[in-house]
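Please find the sequence and the predicted model below.
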Amino acid sequence: MNKKITILYEKYGAMVYRRCYSLLGDDALASDATQDVFVALVDKFDQLSFSTPSSLLYRIATNICLNKIRSRQREQNVIQADTDDDLLERIANLEDLENERFFKQLVSKLFQQEPVSSKTIAVMHLLDGFTLQEVADELKMSVSGVRKRLRKLKSKLKELEGFEHV
């Protein structure tokens, strides 16, 4: 098995790297992904058909790179969500009367024409600290549905006039 992997690496390693680099656009990430492709070969060696090795390696490289891209996007979304959550937390902690009035108007506009469940999702996740999975289980929704509702609320919050004065 190791001999065959070595031969495949020597013959197709550069092709795999080029594919990874074209998708990821970064030398270090492409090198890591190339290594991951050959690790996947070792892990799944008995389950794979090597009749067309270049196609197999190309497909594995593409899948690994797409997974890395998705992971990177999720990490960036978490950073953005943290920023949005900070804004929502600041709104929730407003104390003086003027800000309280502003907060009530903002919340009223935010949830206008939204299903009641969207408000429930926001409260459970952002204020009560429930995970997306816990909210989804409680409301009998999918996690992606919960995430989509939160994204919609955050997007709507950004669009509302004057929210940056909070």
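Cool, got the structure.

from here on, contacts and neighbour counts on C-alpha atoms
OK.

Show the pLDDT at the spatially most central residue of the chain.
Most central in the chain under CA atoms, centre = their mean is Arg74, positioned 2.1 Å from the mean C-alpha point. pLDDT, Arg74: 70.

From here on, call the first residue 24.
Done: numbering now begins at 24, and the last item shifts to Arg97.

Now it: which helix or strand?
helix 76-115 (DSSP states H and E).

Same question for Ala159.
Counting by DSSP H and E, Ala159 is part of helix 155-162.

same for that helix, what does it pack against?
helix 166-182 (3 or more CA pairs under 8 Å, 6 or more residues apart in numbering; DSSP states H and E).

Buried residues of the helix it packs on, list them for me.
166, 169-170, 172-173, 176-177, 180 (16 or more other CA atoms under 10 Å).

In the chain, what helix or strand scores lowest on average pLDDT?
helix 120-134 (a mean of 66; mean pLDDT, DSSP states H and E).

coming back round to it: let me see the contact set for the residue nearest to the centre of the chain.
Residues near Arg97 by CA atoms under 8 Å, 6 or more residues apart in numbering: none.

ok so, going back, columns distance to Asp160 and pLDDT on top of the buried residues of helix 166-182, output as CSV?
As requested, the buried residues of helix 166-182 are arranged in CSV below (distance: CA to CA, whole Å; pLDDT from 0 to 100):
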residue, distance to Asp160, pLDDT
Val166, 8, 90
Val169, 10, 90
Arg170, 13, 92
Arg172, 15, 89
Leu173, 16, 88
Leu176, 20, 83
Lys177, 22, 82
Leu180, 25, 77
